[in-house]
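Q: just a sequence and a predicted model for now, questions to come.
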Amino acid sequence: MISRRRFLLATGATLLSVSTGKIFAREDLIPLWPDDPPGGGGPSGNVRMTSNGSWFNIASPAIQRFQPENPNGAAVIIAAGGGYRWIGMSGEAWPVARWLNKHGYTAYVLSYRLPGEGWNAGKAVALQDAQRAIRLVRSMEREVHLLGFSAGGHLMGMAAARPDFASYAPQDELDYIVPRVDSVGLIYPVITLEAPYEHTNTHLQLVGRNATPAAEANWSVQNYVTRAFPSLFIAHAEDDPIAKVQNALIMKDTCRKFGVPVELVTISRGGHGFGLGKAGTPAALWDEAYTVWLGHQRQQHHWLSV
């Protein structure tokens, strides 16, 4: 028997696909869960969209697959930002997916549950979806890389740092795959929720206005980095007014402390939420640096595996 959520997802597939500007086969929108997500609850109905193309009312978390004409054998899971209040599909996820396709990467855009939408699992829902997405993509692809933006960067950082953390009880055999990844890229990410960086919507959604230092530390990515953390690429604008550039510096210093390879690209001007960046601006340079870096990571992985 098909669940209520999966039925809503299937019936809404055409609408969601048209909104990307391309008609996708129904199998290109892949539900994360075989039935209701862990804990249940949450909103009902189809995904809703803001005027700038951001999604909310995520009743059926999924991955949307963008396939290149000439696949290079690697996949990238993309998590756009939005302060855990919505997900920036039009401004971040979809353009990045198409750009990755041009370089041969199969892209999987993650629509993750938002913690403020009434889910019984509370603040853990986005991390549950990220771990499930990694497991699902890992079951289909040889290489799995992560790329997250803003709050999506926080989510991808947490998922990369905590592959052994059981954020939910196993739902089926897929959940016995350890959700490890080959690399992670974080673009203007929220890394820390600790003072003096408590002003973000990520902080508000995950720990609230009057959070204890312990709660803030529990949701700060840098506190989970170990020597096992995957190779890291970070790009961040020095004039970012929302996720201060100190987030990137904290993450860089933490990775170097544990011997994790890290490359940081600092951008002189770009603010926050620039996505691929406007042509001719400093913010438009990170994508070239990332593809070169990712190619190098793949080459190193190949050398180590032969």
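A: Sure thing, it's come through. Residues are numbered from 1 along each chain as shown.
Q: give me phi/psi at Ala107?
A: Backbone geometry at Ala107, expressed as degrees, to the nearest 10, gives phi -110, psi 140.
Q: beta partners of it?
A: Under the criterion DSSP bridges, Ala107 forms beta bridges with Phe66, Val76.
Q: can you pull the contacts of it?
A: Ala107 is in contact with 65-66, 75-76, 78, 96-98, 100-101, counting by C-beta atoms under 8 Å, 6 or more residues apart in numbering. Backbone N, C-alpha and C define where each C-beta goes, glycine included.
Q: any idea how far Glu238 is from it?
A: Ala107 sits 28 Å away from Glu238, going by C-beta to C-beta, to the nearest Å.
Q: same thing with Arg298?
A: Arg298 is 29 Å from Glu238, by C-beta to C-beta.
Q: more neighbours: which of the two?
A: Arg298 (18 against 14; other C-beta atoms under 10 Å).
Q: residues near Arg85, how many?
A: So Arg85, with other C-beta under 10 Å, has 18 neighbours.
Q: got the contact list for it?
A: Counting by C-beta under 8 Å, 6+ apart, Arg85 has contacts 56, 114, 116, 201, 205.
Q: with those residues in mind, which one is nearest to Trp86?
A: Using C-beta to C-beta, Phe56 comes nearest to Trp86 of these, at 4.2 Å.
Q: who does the closest one bridge with?
A: Residues in beta-bridge contact with Phe56 (DSSP bridges): Arg48.
Q: and it, what pLDDT?
A: Phe56 is assigned a pLDDT of 97 by the prediction.
Q: ok, now the one 10 residues further on?
A: We have a pLDDT of 97 for Phe66.
Q: tell me the centre residue of the chain?
A: Ala79 (2.6 Å; C-alpha atoms, centre = their mean).
Q: what distance do you get for that residue to Ala130?
A: Ala79 is 7 Å from Ala130, by C-beta to C-beta.
Q: spell out which residues are contacts of both of the two.
A: By C-beta under 8 Å, 6+ apart, the residues touching both Ala79 and Ala130 are 110, 112, 155-156.
Q: of all these, which two lie farthest apart?
A: Going by C-beta to C-beta, the pair spanning the shared contacts of Ala79 and Ala130 furthest: Tyr112 and Met156, at 10.2 Å.
Q: any shared contact partners between these two?
A: Residues touching both Tyr112 and Met156 (C-beta under 8 Å, 6+ apart): 79, 130.
Q: and the helices in the stretch 1-150 of the chain?
A: 4-18, 94-102, 125-138 (DSSP state H, counting those that start in this stretch).
Q: could I get the pLDDT score of Phe7?
A: 40.
Q: again with Thr14
A: The model's pLDDT for Thr14 equals 36.
Q: which of the helices of the stretch 1-150 of the chain has the lowest average pLDDT?
A: Across those, helix 4-18 gives the lowest mean pLDDT, at a mean of 42.
Q: on that earlier part again, who wins for neighbours among the contacts of Arg85?
A: For the contacts of Arg85, neighbours tallied by other C-beta under 10 Å; top is Leu114, 26 neighbours.
Q: thought Phe56 was touching that residue, still the case?
A: Yes: using C-beta atoms under 8 Å, Leu114 is in contact with Phe56, at 6.3 Å.
Q: which neighbours do the two share?
A: 85-87.
Q: could I get the residues you listed in TSV, plus columns for distance to Phe258 and pLDDT?
A: Shown next, in TSV, are the shared contacts of Leu114 and Phe56 (distance: C-beta to C-beta, whole Å; pLDDT from 0 to 100):
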residue	distance to Phe258	pLDDT
Arg85	32	97
Trp86	33	97
Ile87	30	98
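Q: which of these lies closest to Asp28?
A: Closest to Asp28, out of all of the shared contacts of Leu114 and Phe56 and judged by C-beta to C-beta, is Ile87, at 17.5 Å.
Q: quick check: that closest one touching Arg113?
A: No: contact between Ile87 and Arg113 fails when scored by C-beta under 8 Å: they sit 10.0 Å apart.
Q: overlap in contacts of these two?
A: Contacts common to Ile87 and Arg113, judged by C-beta under 8 Å, 6+ apart, are Ile58.
Q: mind listing what the nearest residue to Leu204 once chain neighbours are set aside touches?
A: Among residues not flanking Leu204 along the chain, Gly83 sits closest, at 7.6 Å (C-beta to C-beta, 6 or more residues apart in numbering). Contact analysis of Gly83 by C-beta under 8 Å, 6+ apart lists 150-151, 200-202, 204-205.
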